[in-house]
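Participant: All I have is the shape, not the residue letters:
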């Protein structure tokens, strides 16, 4: 059936109004007629199926799992944008954050419906409860990570990595581990798929952070997120720079959201401290680990190639 069609089926059978279904589709990334048109979404929607295939299964076994995972991802992403007061998506800019939060709530419950479908799938029936518990437990860890993010930026590199793992790594480990779980029960193999997902999540996080000190594709202006204090370049600089530069950076970070000149100067200080070099090193280190893990847990074929390609695309556009 395909993941997009599965999500449409779940939403349309939910009993909710056509208007709310349309909003939930927009929350996932597009309208009902062209779901997953967004490149970043279409890139990751196949991750559970790829891991299932890499572990010896059929990627279609993971359609319900992938639907649940993407619905949870979309709900959490939307809620995070509202909580962090990020720039609204065009579809809810005029409707307001209340509508966005209502849509996120609908997506959370739709994801739960998708997880329930695992019990009706002959392939997943015997492990449906195990997978659901894993989802619920790890989503709670993500919520805990988001809570700590709302209390203020991390103060040390160790604290940054713990938060990045909770916010992004844990979620991608869900996709990889449970996709593979549909094809194998080997704990060593599942542990390695879980590690792969964790590495992918961390790569996504720090590749995003790198845009704070390097221009994003198609732009000449760095600092795209205007949330420098939470990013790896800032935390690195505050960990290694001399005390006077740390003090200066803290002053700049306190006003960078409203003062473009402060943001520009903060980015300059980060680059002087070697933040870009450090983040690029970490990006390459983690991508190497991820590709090594893929080589260990897969055999030559389409699944290995596509997983390597997903990892490489997180790194290569930066250079």
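Facilitator: Nice, thanks for sending it over. All figures in this text were calculated on a predicted structure; none of them were measured in a lab.
Participant: Could you pull out the helices in the stretch 1-150 of the chain for me?
Facilitator: Secondary structure of the stretch 1-150 of the chain by DSSP state H, counting those that start in this stretch: the helices cover 3-12, 18-28, 39-44, 47-54, 63-83, 90-93, 97-116, 128-150.
Participant: so how far is the fourth one off the chain centroid?
Facilitator: To tie it back to what came earlier, the one meant is helix 47-54. 17 Å (Cα atoms, centre = their mean, to the nearest Å).
Participant: Helix 3-12 and that one, what's the angle between them?
Facilitator: If you take axes from the mean of the first three to the mean of the last three Cα atoms, to 10 degrees, helix 47-54 sits at 130 degrees to helix 3-12.
Participant: separation between the residue positioned nearest the centre of the chain and residue 157?
Facilitator: By Cα atoms, centre = their mean, the chain has its centre lying nearest to residue 168, at 4.9 Å. Separation of residue 168 from residue 157 (Cβ to Cβ, to the nearest Å) stands at 16 Å. No exception for glycine: its C-beta is placed from N, CA and C like everyone else's.
Participant: just to revisit the earlier point, mean pLDDT lowest where, among the helices of the stretch 1-150 of the chain?
Facilitator: Among the helices of the stretch 1-150 of the chain, helix 39-44 has the lowest mean pLDDT, at a mean of 62.
Participant: wait, what's in contact with residue 279?
Facilitator: Contacts for residue 279 (Cβ atoms under 8 Å, 6 or more residues apart in numbering) come out as 206, 209, 210, 213, 232, 233, 236.
Participant: Those residues in helices, which ones?
Facilitator: If you go by DSSP state H, the contacts of residue 279 have 206, 209, 210, 232, 233, 236 in helices.
Participant: wait, the second one sits on residue 233?
Facilitator: In this case it means residue 209. Yes: counting by Cβ atoms under 8 Å, residue 209 touches residue 233, with 6.3 Å between them.
Participant: Quick check: closest non-adjacent residue to residue 241.
Facilitator: The shortest distance from residue 241 to any non-neighbouring residue, by Cβ to Cβ, 6 or more residues apart in numbering, is to residue 273 (4.6 Å).
Participant: Can you tell me how far that neighbour is from residue 95?
Facilitator: In terms of Cβ to Cβ, residue 273 sits 41 Å off from residue 95.
Participant: The two: who's more crowded?
Facilitator: With neighbours defined as other Cβ atoms under 10 Å, residue 273 and residue 95 compare such that residue 273 has more, 22 against 15.
Participant: Could you pull up phi and psi at that one?
Facilitator: Phi and psi for residue 273, reported as degrees, to the nearest 10, are phi -80, psi 0.
Participant: what sits against it?
Facilitator: Applying Cβ under 8 Å, 6+ apart to residue 273 gives the contacts 236, 237, 240, 241, 245.
Participant: Neighbours of residue 281, how many?
Facilitator: When counting by other Cβ under 10 Å, one arrives at 11 neighbours for residue 281.
Participant: Need the three-state assignment for it.
Facilitator: Assigned with DSSP: H, G, I helix; E, B strand; the rest coil, residue 281 falls in the helix class.
Participant: and the gap between it and residue 203?
Facilitator: To residue 203, residue 281 is 13 Å away according to Cβ to Cβ.
Participant: pLDDT weak spots in the stretch 101-250 of the chain?
Facilitator: Applying pLDDT under 70 to the stretch 101-250 of the chain flags the ranges 215-226.
Participant: So for stretch 47-63, what gets flagged as buried?
Facilitator: Residues of stretch 47-63 classed as buried: 47-55, 57, 59, 61-63 (neighbour count, 16 or more other Cβ atoms under 10 Å).
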